[in-house]
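[1] sequence first, then the predicted structure:
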Amino acid sequence: MSSQAWMVLPDNFAVSFLVLAVVAMAFLYAARAPMHALIRALGQALVGPLRIGARWLSAAANEIHVRNKAVLLAHGKQEIGQRIEREFERLGALVTRELQGYPAMQRKLLDEITRIEEDYKKCGEVPPTPPDWADAVAAVAKVKSAGNEVVLRVLEEINRSVNSIHDKAIAEYRKAYESRHKILEGFMPFWRSVDKNLSQVEKNVADLKSSVKGVDAHMAKYEQINAGTDKAQHALTVSAGTQFAISVLVMLVAAGGAFINFKLIALPMSEMVGAGDYITSTLRTSEVAALVIIFVEASMGLFLLEAMRITHLFPRIANLNDRTRRRMMWISLSLLVTLAGVEAALALMRDLLIADKQALLQSLATVQANAATDGWVGRIPTAGQMLLGFILPFALAFIAIPLESLIHSARTVGGVALMALVRVLAFGLRLAGNVARQLSRVLIRVYDVAIVVPLLVERLVKASPARRGARMGRIDDIERTHA
Amino acid sequence: MNKRQFLGTFPALLLAGAGCGSGNHAHAVYMLVDTSGTYAQEAGKALLIVNYLLGTLESGDSLAVARVKSRSFSEKDILAKATFDTRPSQANAQKRAFREKVDASFRQVPGSAHTDITGGLLQGAEWLNETGAGTRTIIVFSDMQEELDKVTQRSFPISLKNIRVVAVNVVKLGTDNVDPRRYLGRLEAWEKRVVKAGASEWRVINDLQRLDRILARS
């Protein structure tokens, strides 16, 4: 077909284009109302489902939020409840340990105080006063001798008697004070004992007080969770996020440990199950066997920690009676120790196999390499490998703790992520709906722009000066309605 | 196994559990050593290759060393053969014994008047098929100049299906130096014949420093 086939007047592009434009404009003007309706219908056809989708997703997000909140609060409630329970247990133990001897201590304190009181009373006893005849002697002493020899002798005798009595009384006083001082001196150990006991009581009460404060804090959290406040939810979500990040980090470290462990036992396992069998194109049976051993070790660790009630992944184990649980704990521990021993032996075998292979390669080589160090230095790697082989299973056993944390926090983190994803999708659908609606409006405007000439003619023909304003208003109304 | 493979093991285990097994991963190598004429002097280099193979092949793999003489289609021409134990320690012991046996055999091998490479290939293919290994390789340590007596018949199609054929140390003859086209033509003719026989690969390795290419699949 020629490129000029559309031209009404061949070789006259401008006229042909103009004619075609006029014809097209006439057709478009004639089809204006149905075309507007079509564009609006198309817009509605797009906007409707998008809005419904957005609404549904928003509702789903809300539902997820409610569920997440319920799960989070229930989990938080359980956790805080357990913590409070443990605090009470600790408190109980503290009270039992420290305050069970309190009555005895109180008795002791009372006894000591009574004794101190008695001693104090003893200290208060004054020595007997001088006898009453001292006054009589004083009166006689005032008698005037007037040079009478008999009187003088009597007075001297009296003076001598009084002096001896005075000396005796002084000695008795001194003796009495000395005994009181001794009593007071005997107070000291009792005072010290009382002081020590009171300090102990004070410390115990302070410990009790701080523990009670901890319980109070937990109780406040528990009340918040119970009330289902947003603050509690936020705190729990943040806590779960942190737990998740830490657990992932620890699990990565554990995976590194498992990899080292795998490296240690994969080669010697080929000595047991053969090196020529493959499960997939790159995976040997011996490697799978090594992995299975590592998984079994991790499982034994898991059961051990479950039986010790450190983790709570299996309610069935937690609900076992104490005897069975203890038996299970010992069985898990025994298997773990056995596997650790096996790993240590495998690590030794690995070293021997590598040394054998090395010796073979050296014997095959044209140039003989120097012999390896045979001294104690050469045995360090072997000992290190054996030690690692023995220790790593126990280290792996502890992954049960971060695993439990990961599983619990993953529910919260996953729920929050899912909710965010659904909300983003809802927002995307709402945005797409709005864009579609605006696009339909723009298309209607563009359509009208394309037929602007017939529209102007129509306006000029139909509009009378008196009714122009009213009609213009009506056109605006119509356009607004279309939009 | 690196860390990625270690982590990839979990889905692999699931696949394995679902019954998606794998084929035979064992490698069987049949090495033909030309002992005819002047090429018998190259026996030391052949020992080097045997040593390389012993160091490279793993537990469960098979190795046979045979000589090429006037008529080579015979089990008697196999100097040493072994399928290495799946236990690495036993495999190492087998390799030591194998090396000693080959070493002793090479000292006693008499030179032959003719060179029956085709017979050796047929014998090798037969042995390799019997091993049932997943990867089968015939190494021809020869100048690839076949010289048959008048009685021996080898001009018929042979089958080397799924077998790699690697010609090693294909030295140039005196006549090749006069006209290199003879050497190139000889190699081309062997390639055509081997490929026509259904071999999975044909390779020529003259640089003995690149022995790793013997077992590397293209």
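    Okay, I see it. Numbering: from 1, shown residues only, chains lettered A, B, ... in the order given.

[2] got the CA coordinates for stretch A:378-397 in CSV?
    Extracted C-alpha coordinates of stretch A:378-397, given in CSV (Å, rounded to 0.1, in the frame of the first residue of the first chain):
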residue,chain,number,x,y,z
GLY,A,378,53.3,-32.2,65.2
ARG,A,379,50.7,-33.7,67.5
ILE,A,380,49.2,-30.4,68.5
PRO,A,381,46.8,-30.3,65.5
THR,A,382,45.7,-33.9,66.2
ALA,A,383,45.1,-33.1,69.8
GLY,A,384,43.3,-29.9,68.8
GLN,A,385,41.1,-31.8,66.4
MET,A,386,40.2,-34.4,68.9
LEU,A,387,39.4,-31.7,71.5
LEU,A,388,37.2,-29.9,69.0
GLY,A,389,35.5,-33.1,68.1
PHE,A,390,34.6,-33.7,71.7
ILE,A,391,33.6,-30.1,72.6
LEU,A,392,31.6,-29.1,69.5
PRO,A,393,28.7,-31.6,70.1
PHE,A,394,28.2,-30.0,73.5
ALA,A,395,28.4,-26.5,72.1
LEU,A,396,25.9,-27.5,69.4
ALA,A,397,23.6,-28.9,72.1
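
[3] what does that stretch contact?
    A:254, A:257-258, A:260-261, A:264-265, A:294, A:297-298, A:300-302, A:304-305, A:336, A:339-341, A:343-348, A:350-351, A:372 (Cβ atoms under 8 Å, 6 or more residues apart in numbering or on different chains). Backbone N, C-alpha and C define where each C-beta goes, glycine included.

[4] quick check, distance from the helix ranked longest in chain B to the centre of its chain.
    The single longest helix within chain B, with elements called by DSSP state H, is helix B:88-108. In terms of Cα atoms, centre = their mean, to the nearest Å, the centre of helix B:88-108 is set 17 Å apart from its chain centre.

[5] which residues are contacting it?
    For helix B:88-108, with Cβ under 8 Å, 6+ apart as the criterion, the contacting residues are A:267, A:270-271, A:275, A:352-353, A:356-357, A:360, A:363-364, B:33, B:43, B:46-47, B:50-51, B:54, B:58-59, B:63, B:65, B:79-80, B:82, B:84-85.

[6] could you chop chain A up by domain?
    A:1-30, A:101-227, A:235-363+A:375-398 (automatic domain parsing).

[7] just for chain A, where's the confidence low?
    A:1-3, A:98-99, A:123-134, A:137-138, A:141, A:143-147, A:366-374, A:464-483 (pLDDT under 70).

[8] now it against chain B: closest residue?
    Closest residue of chain A to chain B, Cβ to the nearest Cβ: A:Gly276 (2.2 Å).

[9] specify the local secondary structure of the nearest residue in space to that residue that is not next to it in sequence.
    Using Cβ to Cβ, 6 or more residues apart in numbering or on different chains and skipping the chain neighbours, the partner closest in space to A:Gly276 is B:Gly60 (2.2 Å). Following DSSP: H, G, I helix; E, B strand; the rest coil, B:Gly60 is assigned to coil.

[10] check contacts around A:Leu91.
    So A:Leu91 contacts A:Leu208, A:Ser211, A:Val212, A:Val215 (Cβ under 8 Å, 6+ apart).

[11] other SSEs contacting the helix or strand where the first one lies?
    A:Leu208 is part of helix A:149-227 when elements are defined by DSSP states H and E. For helix A:149-227, the packing partners by 3 or more Cβ pairs under 8 Å, 6 or more residues apart in numbering or on different chains; DSSP states H and E come out as helix A:32-94, helix A:102-124, helix A:133-141, helix A:230-273.

[12] want to throw these into a markdown table with distance to A:Val413?
    As requested, the helices and strands packed on helix A:149-227 are exported to a markdown table (distance: least, Cβ to Cβ, whole Å):
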| stretch | distance to A:Val413 |
| --- | --- |
| helix A:32-94 | 10 |
| helix A:102-124 | 48 |
| helix A:133-141 | 100 |
| helix A:230-273 | 5 |
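
[13] from those, which stretch is densest packed?
    Comparing the helices and strands packed on helix A:149-227 by mean neighbour count (mean count of other Cβ atoms under 10 Å in any protein chain shown), helix A:230-273 comes out on top with a mean of 17.

[14] write out the residues of chain A neighbouring chain B.
    A:255, A:259, A:262, A:266-267, A:270-271, A:274-283, A:287-288, A:291, A:352-353, A:356-357, A:360-361, A:363-366 (Cβ under 8 Å from any Cβ of the partner chain).

[15] list buried residues within these.
    In the residues of chain A next to chain B, burial by neighbour count holds for A:259, A:262, A:266-267, A:270-271, A:274-280, A:283, A:287-288, A:291, A:353, A:356-357, A:360-361, A:363-364, counting by 16 or more other Cβ atoms under 10 Å in any protein chain shown.

[16] next, the angle from the helix holding A:Leu208 to helix A:102-124.
    Going by axes from the mean of the first three to the mean of the last three Cα atoms, to 10 degrees, helix A:149-227 is angled at 160 degrees with respect to helix A:102-124.
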